[in-house]
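>>> Predicted coordinates and the sequence they were generated for:
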Amino acid sequence: MPKRISKTVAKVGARQRQERSSACRVALIGFGTVGRAVAKILCENGDSSLRLTHICNRNVERKKQPWVPGDVIWTDDVDSVLKSDADIVIELIGGLDPAGQIVRRALEAGKSVVTANKQLIARHGSDLLQLARSHGCQLEFGASVAGGVPVLPALRTGLCGDRLHGIAGILNGTCNYILSRIESARIPFSEALEEAQARGYAEADASEDLDGGDARAKLAILALAGLHVRVAPESVRARTVRAVDAVDFDYAAELGCTIRQISRAILRDETLFAEVGPCLVPIESPFGRVQRNLNLVLTSGQYGGDMAFLGAGAGGDPTAVAVVSDVMFVAQNLSSGAGKREVASYVSTPVISSDFETPWYLRFFVRDQPGIVARLAQIMAAHHLNIDSLLQKPGFDKASLPFVITLEPCRDSSLRPALEEMAGLDFSIRPCLCLPILR
Ligand SMILES: NC(=O)c1ccc[n+]([C@@H]2O[C@H](COP(=O)([O-])OP(=O)(O)OC[C@H]3O[C@@H](n4cnc5c(N)ncnc54)[C@H](OP(=O)(O)O)[C@@H]3O)[C@@H](O)[C@H]2O)c1
């Protein structure tokens with residue numbers, strides 16, 4: 001090799017070594033759907049300020065990939081990662097245990113943590129943020145809600161100057177896929193669920209999605225980051241989407257509406273009104289237009305008004321973008337010593353209520369006989385509920401006849417006793433489906 005070229009190569013080699021030693025060291029725990037996509041971005045993006053040092057997964061041998069640089073350590077020993085000189089630990093194994101232990105131990109060891117773990121953050125986010133603060137490190141969880149949609153970073157930085165009082169969203173792509181498929185193809189719920197499962201949009205046991213557990217964990221995180229309130233996910237009422245029928249989309253359309261699973265939280269004085277469940281929303285509204293497995297989050301602030309965040313709420317690559325963006329944010333702060341994203345120190349623990357006041361959609365399936373409407377109207381009147389409209393489409397079997405009553409705005413708590421009374425009526429062949437109408 002000529003002398004001049006060999007000197008140049010030596011200089012480049014020295015610079016690379018210097019860059020690598022000053023780079024922020026990143027260890028990844030969990031090499032599944034998201035972990036693999038994160039590793040791919042970190043290995044491909046050529047950002048010399050970040051250096052992937054470890055990939056940790058149980059039974060790691062089977063996970064090894066040829067595109068990962070040779071100096072990355074593959075291990076199934078979490079302890080060795082936590083004892084290493086990694087600056088940032090990315091937790092992507094999911095679940096509460098052992099993920100919670102790993103995140104705690106990493107923070108206690110002075111390492112900053114990036115995670116996409118909604119269950120962990122929904123239950124322990126406030127304590128973990130406190131732990132991070134007390135050890136002078138950072139905890140970022142931007143991918144834990146709405147996957148690749150940067151709503152959490154927006155709440156924690158771009159909107160932290162506002163005083164938010166409301167957050168509402170389509171936070172579960174599985175439910176939105178199923179509901180928008182029923183809407184477009186008028187197929188039964190069971191068929192839309194099977195289709196979602198076949199396409200990988202729903203798990204074999206989709207209960208967490210369909211019954212609202214997933215969305216209320218995300219709502220609890222949004223409420224913490226945006227409304228500065230601590231909410232146990234279990235304290236938020238969740239109504240299932242399983243009872244929604246194709247015929248409900250016909251009746252909803254007559255009212256200019258469609259049906260979506262909506263998660264909403266409104267902070268009023270010391271009370272947080274919150275719930276998750278299917279709602280009627282105007283077809284032409286932002287929620288009504290969200291199709292398939294997309295997510296949408298709307299925020300309402302005292303000064304900035306309404307904001308909207310729309311995009312891919314799940315999937316390896318979009319979620320990995322959110323994770324890597326958090327890693328870059330943390331790395332920049334570590335190198336500059338600049339400010340961290342804080343959840344305000346004035347986090348409060350409000351009373352949680354699902355007693356929203358809205359108009360209502362009530363759908364009955366009855367065995368047809370004279371006097372049904374009169375009997376229902378009598379019960380409504382006894383409970384001081386005002387009927388707004390009555391809808392009955394022709395052409396259905398008289399043994400299983402669907403029809404709809406809409407009510408003028410009233411509180412959920414005023415409606416429940418009437419629903420209990422109606423449930424005992426002998427002509428009712430299915431429980432009444434009761435959905436809020438969000439105008
Ligand atoms: N997938 C998405 O679209 C999405 C969207 C938003 C947020 N998230 C969140 O991102 C996180 C990761 O999700 P994912 O979809 O990537 O899950 P995943 O595909 O199941 O990957 C989890 C990985 O962690 C490994 N693992 C599990 N327990 C472990 C343990 N005790 N020790 C070491 N390794 C362990 C698994 O190994 P095995 O191969 O042996 O199972 C697997 O490789 C979760 O918190 C999830 O809620 C995911």
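Structure's in. What do you need? Numbers count the residues shown, from 1 in each chain.
>>> of all the residues in the stretch 51-200 of the chain, which ones are close to the ligand?
Counting by CB under 6 Å from any ligand atom, the residues of the stretch 51-200 of the chain close to the ligand are 57-59, 92-94, 98, 116-118, 143, 147. Using the backbone N, CA and C atoms, a C-beta is placed for each residue, glycine as well.
>>> Nearest to Pro282, out of these: which one, please.
Within these, distances to Pro282 taken as CB to CB reach their minimum at Gly147, with 25.7 Å.
>>> Out of the residues of the stretch 51-200 of the chain next to the ligand, who's the most crowded?
Comparing these by number of neighbours (other CB atoms under 10 Å), Ala143 comes first, having 31 neighbours.
>>> List the contacts of that residue.
Contact analysis of Ala143 by CB atoms under 8 Å, 6 or more residues apart in numbering lists 34, 115-116, 319-320, 322-323, 326.
>>> and what of Arg230?
Arg230 neighbours (CB under 8 Å, 6+ apart): 126, 224, 347-349.
>>> Report the separation between it and the ligand.
21 Å (CB to the nearest ligand atom, to the nearest Å).
>>> quick one: that residue and Leu433, what's the gap?
Distance, Arg230 to Leu433, by CB to CB, to the nearest Å: 32 Å.
>>> which residues in the stretch 1-150 of the chain form helices?
Assigned by DSSP state H, counting those that start in this stretch, the stretch 1-150 of the chain shows helices spanning 3-22, 33-44, 78-83, 99-108, 118-134.
>>> Pull the contacting residues for Ile372.
366, 427.
>>> What does it show for phi and psi?
Reported as degrees, to the nearest 10, the phi and psi values for Ile372 are phi -60, psi -50.
>>> Look through the protein and state the residue closest to the ligand.
Using CB to the nearest ligand atom, the closest approach of the chain to the ligand is made by Gly32 at 1.7 Å.
>>> Ramachandran angles for that residue?
phi -100, psi -140.
>>> What parts of the stretch 251-400 of the chain come near the ligand?
314-315, 319.
>>> Pretty sure Ala99 sits against Asn117.
Yes. Because the distance of 5.5 Å satisfies CB atoms under 8 Å, Ala99 is recorded as touching Asn117.
>>> Find residues that contact each of those two.
Between them, Ala99 and Asn117 share the contacting residues 91, 93, judged by CB under 8 Å, 6+ apart.
>>> Any regions of the stretch 151-300 of the chain where pLDDT drops low?
Counting by pLDDT under 70, the stretch 151-300 of the chain contains no low-confidence segment.
>>> all strands for it, in order.
Ranges of strands within the stretch 151-300 of the chain are 164-170, 237-238, 257-268, 271-282, 294-301, based on DSSP state E, counting those that start in this stretch.
>>> can you redo those strands as TSV with distance to Ile187 and mean neighbour count?
Formatted as TSV, the strands of the stretch 151-300 of the chain follow (distance: least, CB to CB, whole Å; neighbours: other CB atoms under 10 Å):
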stretch	distance to Ile187	mean neighbour count
strand 164-170	20	23
strand 237-238	24	20
strand 257-268	14	24
strand 271-282	16	23
strand 294-301	20	22
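>>> For those strands, give me TSV that also has distance to Ala381.
Output for the strands of the stretch 151-300 of the chain, formatted as TSV (distance: least, CB to CB, whole Å):
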stretch	distance to Ala381
strand 164-170	32
strand 237-238	27
strand 257-268	26
strand 271-282	23
strand 294-301	35
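>>> about what we covered before: pick out the shakiest of the helices of the stretch 1-150 of the chain, pLDDT-wise.
In terms of average pLDDT, helix 3-22 trails the rest of those, at a mean of 54.
>>> ok, Glu275 touching Ser235?
No. The criterion here is CB under 8 Å, and Glu275 misses it with Ser235 at 10.6 Å.
>>> Let me see the backbone angles for Glu270.
phi -100, psi 10.
>>> Kindly apply the preceding question to Cys137 instead.
Phi and psi for Cys137, reported as degrees, to the nearest 10, are phi -130, psi -180.
>>> Could you give the bridge partners of the nearest residue to Pro350 once chain neighbours are set aside?
Leaving aside its sequence neighbours, Pro350 sits nearest to Leu272 (CB to CB, 6 or more residues apart in numbering; 4.3 Å). For Leu272, the residues forming beta bridges with it (DSSP bridges) are Leu267, Ile352.
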